[in-house]
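Enquirer: here is my input; please provide its structure:
(one chain, ligands or ions: 2)
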Amino acid sequence: MLSVEEALARVRAAFAPLPAESVSVAEALGRVLAGDAVSRVTQPPHDVSAMDGYAVRAEDVTSAPVTLEIVARVPAGASYEDEVKPGQTARIFTGAPLPRGSDTIVIQEDTEADGDRVTVKSTPAKGHYVRPAGLDFRSGDVGLEAGRRLTARDIGFAASMNLPWLNVRRQPRVAILATGDEVVMPGDPKGPNQIISSNGLSLAAFVRACGGEPINLGIAPDQQDKLAAMAEGAKGADLLITSGGASVGDHDLVRTGLVDSGLEVDFWKIAMRPGKPLIFGKIAGTPMLGLPGNPVSSLVCAVLFVRTALDELLGIQEDALALESAVLGADLPPNDHRQDYLRSKLSLDDQGRRVATAFGRQDSSMLATLARADCLIVRKPNDPALTKGTAVDILPLSGKFSGV
Ligand SMILES: Nc1nc2c(c(=O)[nH]1)N[C@H]1C(S)=C(S)[C@@H](COP(=O)(O)OP(=O)(O)OC[C@H]3O[C@@H](n4cnc5c(N)ncnc54)[C@H](O)[C@@H]3O)O[C@H]1N2
Ligand code: MOO
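Expert: Ligands and ions are numbered 1, 2, ... in the order given. Got it, this is the predicted structure:
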C-alpha cells in the first residue's frame, strides 16, 4: 500500500492552476487571487486629521494656554486652500486634509472656543493626531498576493485600494457521484434495509467550502452500465469524485466497472485509516478520486486529497495540511502499519496547553463523532503506545476552510 505522503505527492502532481477570470470585488469572497492585487490609490491620499478638533502650527502652542484665530472650517471631503499662518488655526474634523501651514491636531476636548477664537489649553506633541499621506498603503503597493483566498477583510482592503474587479482563478468544477443500492437521499422513500446518503451532500459542501463548484450527479446503483452512464456526467468537470464501491466486495464496482469507460488507475489503496481503499486515476481525461463509502473515510479522504487537488487547481501556496501540536488527553495503544487519523476533542489544560483527546470508538461509519471532533490526531505507521501528556501531531478541522 502507498504511504499518505506518496499518494498526496501523486495527486498534487496531477493538477495545475486553472485559468483566471475577472470578478467584481463584491462577489470575490472565498475566491483565490490569480495575480497580485496592486493598489491604484494612496491611502490616505493626503495628511489628514485623525480627530475632531483644531489644526494648529505646533510652534504656536508650545506654551499653552494660548488663544488662536479660527480662519477656516474643514470637514472630511473638503479642503482649505489658503495657509494657516502664525496665530491662526482651522476647525477640522476626522478624515479632513490638514491645511498648509498646520502640522498638529488639538482635540476639541482640550480647547475652549469663543466665536472666531479658540483657546488651546494643553500643548500637544508636534504631529499629534495627524495621519500622514500613505500611512495605510501607497499607489503601486502589492496589497494582496497571488494565491490568496479572499476573506471579508481582504474584500474591504481590495475595495479601499480602488479595485472594483479582481483577477481570480476560475472555480474548479467538481462532479460528485454517490454509489450504492442501499443509499437514498434524505426525505426520499426508504426501504427497510436502506440508509440515508450523506456523502454526496457532505462532499458537495466540502467542495464549496474549499472554493469549488460542486455538480451533483446523483446516486448510481451497483450496476456497471448505470454507473458508467452516470459517470459520463463528469464530462467537462475538472475532477470527478465518487463515493462508495471502492473496496474489494462483489458489489464494489467503481475501480473495475469504469474500466470500459476509460478509467486509468494511478493508485488504489493507501496505508491510512480511515480511507484505505481510495482510488485515484483519470476517466476519459478527467481526474477522478474514488472515495470509500464509509462516511468518515469519505470525508477524511476529502480533507486530505480533495483539498489537495482543489488547492492545486486554485494555485494556493499555503499548505492546508500543515500539522499542529497538542498533548494527549488519554493513553493510546500502539498503531499498526496504517497512518491513523483519530477524531478528537480539543481542550486547554491549566497550563494553557492544547490537549487532544481521541474518541474511544473510531469506527469509520460514525459520522456523529466526526461532526463533534475539533481535530484529527495524526499517527505515523507503527507508532508505539503513547501515554497521556505526550506531544502529538494534530490536523485542526475548523478554520482554514477545511469545511468539515
Ligand atoms: N474484505 C474487506 N472488506 C473491506 C475492506 C477490505 O480491505 N477488505 N476495506 C474496508 C474499508 S477500510 C472501507 S473504508 C470500506 C469501503 O468500502 P467501499 O468504498 O466499497 O464502500 P461501500 O461498501 O460502498 O460502503 C461502505 C459503507 O458506507 C456506507 N455508504 C456508502 N455510500 C454512502 C453514502 N453516500 N452515504 C452514507 N453512507 C454510505 C455503506 O452503506 C456502507 O455501510 O470497505 C471495508 N470493507
Ligand atoms: O479505511 Mo476504512 O476507511 O477504515 O473504514
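
Enquirer: can we go C-alpha only for contacts and neighbour counts from here?
Expert: Will do.

Enquirer: any chance you could map the helices in the chain?
Expert: Secondary structure of the chain (DSSP state H): helices at 4-13, 152-160, 199-209, 224-231, 254-257, 295-301, 307-314, 367-372.

Enquirer: could you dump the ones you listed into a markdown table with mean pLDDT and mean neighbour count added?
Expert: Formatted as a markdown table, the helices of the chain follow (pLDDT from 0 to 100; neighbours: other C-alpha atoms under 10 Å):
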| stretch | mean pLDDT | mean neighbour count |
| --- | --- | --- |
| helix 4-13 | 98 | 16 |
| helix 152-160 | 97 | 16 |
| helix 199-209 | 97 | 21 |
| helix 224-231 | 96 | 18 |
| helix 254-257 | 93 | 20 |
| helix 295-301 | 98 | 25 |
| helix 307-314 | 98 | 24 |
| helix 367-372 | 97 | 16 |
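
Enquirer: do you know which of these lies nearest ligand 2?
Expert: Taking C-alpha to the nearest ligand atom, helix 295-301 is the member of the helices of the chain nearest to ligand 2, at 4.2 Å.

Enquirer: could you say what helices and strands the closest one packs with?
Expert: Secondary-structure packing of helix 295-301 (3 or more C-alpha pairs under 8 Å, 6 or more residues apart in numbering; DSSP states H and E): helix 199-209, strand 286-291, helix 367-372.

Enquirer: which among the ones you listed is found nearest to residue 234?
Expert: Residue 234 lies closest, by C-alpha to C-alpha, to one member of the helices and strands packed on helix 295-301: strand 286-291, at 7.6 Å.

Enquirer: is the lowest-mean-pLDDT helix or strand in the chain in proximity to ligand 1?
Expert: Scoring the helices and strands of the chain by mean pLDDT, DSSP states H and E places helix 254-257 at the bottom, with a mean of 93. No: Helix 254-257 does not reach ligand 1 (C-alpha under 6 Å from any ligand atom); its nearest approach is 8.3 Å.

Enquirer: please state the offset of that helix from the chain centre?
Expert: Relative to the centre of its chain, helix 254-257 is centred 34 Å away, using C-alpha atoms, centre = their mean, to the nearest Å.

Enquirer: kindly report the same for stretch 144-152.
Expert: Distance of stretch 144-152 from its chain centroid, counting by C-alpha atoms, centre = their mean, is 9 Å.

Enquirer: what's the end-to-end length of that stretch?
Expert: Stretch 144-152 has its terminal residues 13 Å apart, counting by C-alpha to C-alpha, to the nearest Å.

Enquirer: which residues does that stretch contact?
Expert: By C-alpha atoms under 8 Å, 6 or more residues apart in numbering, the residues outside stretch 144-152 that reach it are 28-38, 154, 158, 314-317.

Enquirer: burial count for residue 20?
Expert: Residue 20: 17 surrounding residues under other C-alpha atoms under 10 Å.

Enquirer: how about it: what's its closest non-neighbour residue?
Expert: The spatial neighbour of residue 20 that comes closest, neighbours along the chain excluded (C-alpha to C-alpha, 6 or more residues apart in numbering), is residue 169 at 4.3 Å.

Enquirer: what does residue 288 give?
Expert: residue 240 is the one closest to residue 288 (C-alpha to C-alpha, 6+ apart), at 4.6 Å.

Enquirer: what separation do you get for the residue of the stretch 1-150 of the chain found nearest ligand 1 and ligand 2?
Expert: As assessed by C-alpha to the nearest ligand atom, ligand 1 sits closest to residue 1 within the stretch 1-150 of the chain, at 11.1 Å. With the distance defined as C-alpha to the nearest ligand atom, to the nearest Å, residue 1 ends up 12 Å from ligand 2.

Enquirer: just residue 101 next, same as before
Expert: With the distance defined as C-alpha to the nearest ligand atom, residue 101 ends up 73 Å from ligand 2.
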